[in-house]
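>>> here's my sequence, what's the structure:
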Amino acid sequence: MKVIIVGGVAGGATAAARIRRLDEQAEILVFERSGYISYANCGLPYYIGDVITDPEELTLQTPESFFSRFRVTMKVRHEVTAIHPEQKTVSVKNLDTGEEFEEAYDKLLLSPGAKPTQPRIPGVGLDKVFTLRTVEDTFRIKDFIHKNQPKSAVLAGGGFIGLELAENLRQLGMDVTIVQRPKQLMNPFDPDMAAFIHNEMRKHGVKLALGHTVEGFREREGGVDVLLKEEQPLHADMVVLAIGVSPDTALAKDAGLELGLKGSIVVNDRMETSVPHIYAVGDAVQVKHFVTGQEALISLAGPANKQGRIAADNICGGDSRYAGSQGSSVIQVFDMTAAATGVNETNGKKAGLDVDTVILSPMSHAGYYPGGKVMTMKVVFEKETYRLLGAQIVGYQGVDKRIDVLATAIRAGMKATELKDLDLAYAPPYSSAKDPVNMAGFMIENIQKGVLKQWHFADADTLPRDGSVTLLDTRTVEEYNRGHIHGFINIPVDVLRERLDELDREKTVYVICQSGLRSYIACRILSGNGFSCRNFSGGFRFYDAVVNDRCLIQSAAACGMDRS
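Numbering: from 1, shown residues only. Here you go, the predicted model:
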């Protein structure tokens, strides 16, 4: 059996190694148009920022090392220019010599990946306007920085690459601005959770120009003007386009393969395309979202590697199936960690799901043990069924541990209420006896049983201020005086029982505290004394962060809060 693989990096290189492990006699040939067959794509921004100093650390395998171990022939700087399914051949061009030839296959695996989205606007081809996707792109940016010592950069795009590059350029001492059309960074997160990421970026000197449309670039005064719609241009010494990626599927289209979302390659759960004997994996393929069941594009290294393994199994006569992607991801944002899995609230609603959420602010480990840090967790679940749909966490310690637990729970089909039953490791330096994941389960079980009723951030502006309901802040007097929501009266939770006669039992009480715990206790007190009560999901800390972020984005004067 002769197998040709188009593209290395994650999916292609993984498949090549797996095929060899399953079939010692197979002839395996990989064509990679770049100069590198397998490299640490996610590590590229850290090489630019000198976190990784040795360029060889980026290269996971060389053609020589791969052949030595797996007897796989790796042809770098070779571009497959056409696929001929009827003849079961591919046309190949040697990019160094210009030689062109055809190669036959029994099985063909496409792993072309994705390419940086290039907007059709003036100035995209300027020398000081870069993209970052390959090792060659990285070296080009690194060389420019070394030779020109730029003092400022504008990054167009606020996804993973944009944030990682912003951090690394700031570490080099550059003035950095991120500009993009959406009014938030990191689309895997809901806007309210993204507020914490925004705050961390601003804290470290990154300027955010959110909600602005880039219309072009022009050279001026030795740098680049970033032209914005209906705004003054931003000027910088260099620009990096990081506005996303598009499936690189021109080959597949020309060969007549069925295409899906944004021109991606349609595959079944065996990673087979619409054409016999041709498989496809990685960022170029359309997949099922594990949570929604809808078609999706999820460009992450983990799914690409798994798909490569599955395709290899099936090429070798097996029957492996890909169950779908759920988009589990984590990113370092300066001192903070942000992670997400499944669907967020925004996308859950877009998918037609009837969603609810809980927001909590637990400590990363036992409060009495030194060094604990507050994290913010948002867990998304389906009303009525309580199916666990997704989660987002931002914090400084223990974030990756909790998101992996929640990702596993989603994959296992657990209900959100069952999070309370998970038997998780505890020691004071690492967690608390009631782990944050357990705490989310307790809260959701309380909702299921009617013990807890919530109100959310989206309700804040529409709450009646005409006296028809009671708005109650149960923090201390000092906390209240430092900032509170307009219209809320203050009765600290510890004196609430003695002051119940100040409240009208005929009115629903909307309660808030700093994190949600004291207000929950207040609601239990009120409910036990005949009141109808709703607790704010997230607490004033959460509310304050989101409101401040929106004011900064919108430059609004009225922030909806009273401050002494």
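>>> most remote residue from the chain's center?
Largest separation from the mean C-alpha position in the chain: residue 501, at 48.4 Å (Cα atoms, centre = their mean).
>>> dihedrals phi and psi, that one?
phi -70, psi -10 (degrees, to the nearest 10).
>>> make residue 1 into 31 and carry on from there
Right, with 31 as the first residue, what we last looked at is residue 531.
>>> which ones are touching the residue nearest in space to the middle of the chain?
By Cα atoms, centre = their mean, the chain has its centre lying nearest to residue 218, at 4.3 Å. Shown in contact with residue 218 (Cβ atoms under 8 Å, 6 or more residues apart in numbering): 357, 359, 370, 374, 422. Every residue, glycine included, has its C-beta placed from N, CA and C.
>>> strands - which of these land there?
With strands defined by DSSP state E, the entries of the contacts of residue 218 inside them are 359, 370, 422.
>>> relative to residue 443, which of these is nearest.
Distances from residue 443 to the ones in strands among the contacts of residue 218, taken as Cβ to Cβ, are shortest for residue 370 (19.1 Å).
>>> tell me the secondary structure for the closest residue to the closest one other than its chain neighbours?
With Cβ to Cβ, 6 or more residues apart in numbering as the criterion, residue 370 has its nearest non-adjacent residue at 4.2 Å, and that residue is residue 218. Classification of residue 218 using DSSP: H, G, I helix; E, B strand; the rest coil returns coil.
>>> how near is residue 218 to residue 467?
19 Å (Cβ to Cβ, to the nearest Å).
>>> next: residue 191.
Here the criterion is Cβ to Cβ. By it, residue 191 lies 29 Å from residue 467.
>>> and if you look at residue 371?
Distance from residue 371 to residue 467, by Cβ to Cβ: 12 Å.
>>> joint contacts of those two?
residue 436.
>>> counting neighbours, go ahead and name the busier of the two.
residue 371 (29 against 23; other Cβ atoms under 10 Å).
>>> so who does the more buried one touch?
Shown in contact with residue 371 (Cβ under 8 Å, 6+ apart): 356, 357, 358, 359, 420, 421, 433, 436, 437, 440.
>>> helix or strand: which one has the last one?
Going back to what we said before, that points to residue 440. Per DSSP states H and E, residue 440 falls inside helix 429-441.
>>> other residues contacting that helix?
320-321, 356, 358, 360, 367-372, 394, 405, 407, 409, 418-421, 423, 448-449, 452, 454, 465-467.
>>> in helices, which of those residues appear?
466, 467 (DSSP state H).
>>> write the ChimeraX selection for whichever of the contacts of helix 429-441 are buried.
Selection of buried members from these for ChimeraX, criterion 16 or more other Cβ atoms under 10 Å:
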select :320,321,356,358,367,368,369,370,371,372,394,405,407,409,418,419,420,421,423,448,449,454,465,466,467
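>>> that older thread, now the residue nearest to residue 370: how far from residue 426?
Here residue 218 is placed at a distance of 19 Å from residue 426 (Cβ to Cβ).
>>> do the same with residue 468
20 Å.
>>> how about residue 496?
From residue 496 to residue 426 the distance is 42 Å (Cβ to Cβ).
>>> and these two? which has more neighbours close in?
Neighbours were tallied for residue 496 and for residue 426 using other Cβ under 10 Å; the higher tally belongs to residue 426 (15 against 6).
>>> spatially nearest residue to the more buried one, not counting backbone neighbours?
Residue 426's closest residue in space is residue 403 (Cβ to Cβ, 6+ apart), at 4.0 Å.
>>> so who does that neighbour touch?
393, 394, 425, 426, 427.
>>> low-confidence stretches in the stretch 331-480 of the chain?
Within the stretch 331-480 of the chain, the set of residues satisfying pLDDT under 70 is empty.
>>> swap in the chain?
By pLDDT under 70, the low-scoring segments of the chain are 68-70, 89-90, 585-594.
>>> show me where it has helices.
41-52, 74-78, 93-100, 165-178, 190-201, 221-233, 280-284, 331-345, 375-380, 429-441, 466-478, 507-512, 547-558, 569-584.
>>> may I see those helices organised as JSON lines, with distance to residue 247 added?
Shown next, in JSON lines, are the helices of the chain (distance: least, Cβ to Cβ, whole Å):
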{"stretch": "helix 41-52", "distance to residue 247": "33"}
{"stretch": "helix 74-78", "distance to residue 247": "20"}
{"stretch": "helix 93-100", "distance to residue 247": "37"}
{"stretch": "helix 165-178", "distance to residue 247": "15"}
{"stretch": "helix 190-201", "distance to residue 247": "16"}
{"stretch": "helix 221-233", "distance to residue 247": "23"}
{"stretch": "helix 280-284", "distance to residue 247": "25"}
{"stretch": "helix 331-345", "distance to residue 247": "30"}
{"stretch": "helix 375-380", "distance to residue 247": "31"}
{"stretch": "helix 429-441", "distance to residue 247": "36"}
{"stretch": "helix 466-478", "distance to residue 247": "45"}
{"stretch": "helix 507-512", "distance to residue 247": "44"}
{"stretch": "helix 547-558", "distance to residue 247": "50"}
{"stretch": "helix 569-584", "distance to residue 247": "23"}
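>>> for those, which one sits closest to residue 249?
Between these, helix 165-178 lies closest to residue 249; by Cβ to Cβ that is 13.7 Å.
>>> from the contacts of residue 403, pick the one nearest residue 568.
residue 425 (14.0 Å).
>>> contacts only, for the closest one.
Residue 425 sits next to 366, 367, 394, 403, 404, 405, 406 when contact means Cβ under 8 Å, 6+ apart.
>>> residue 347 versus the second one, what's the distance?
Distance from residue 367 to residue 347, counting by Cβ to Cβ: 42 Å.
>>> equivalent analysis for the last one, please.
From residue 406 over to residue 347 the distance is 48 Å, taken as Cβ to Cβ.
>>> how about the strands in the stretch 181-330 of the chain?
Secondary structure of the stretch 181-330 of the chain (DSSP state E, counting those that start in this stretch): strands located at 182-186, 205-210, 237-240, 244-250, 253-258, 264-266, 268-271, 275-277, 295-296, 308-310, 315-318, 325-326.
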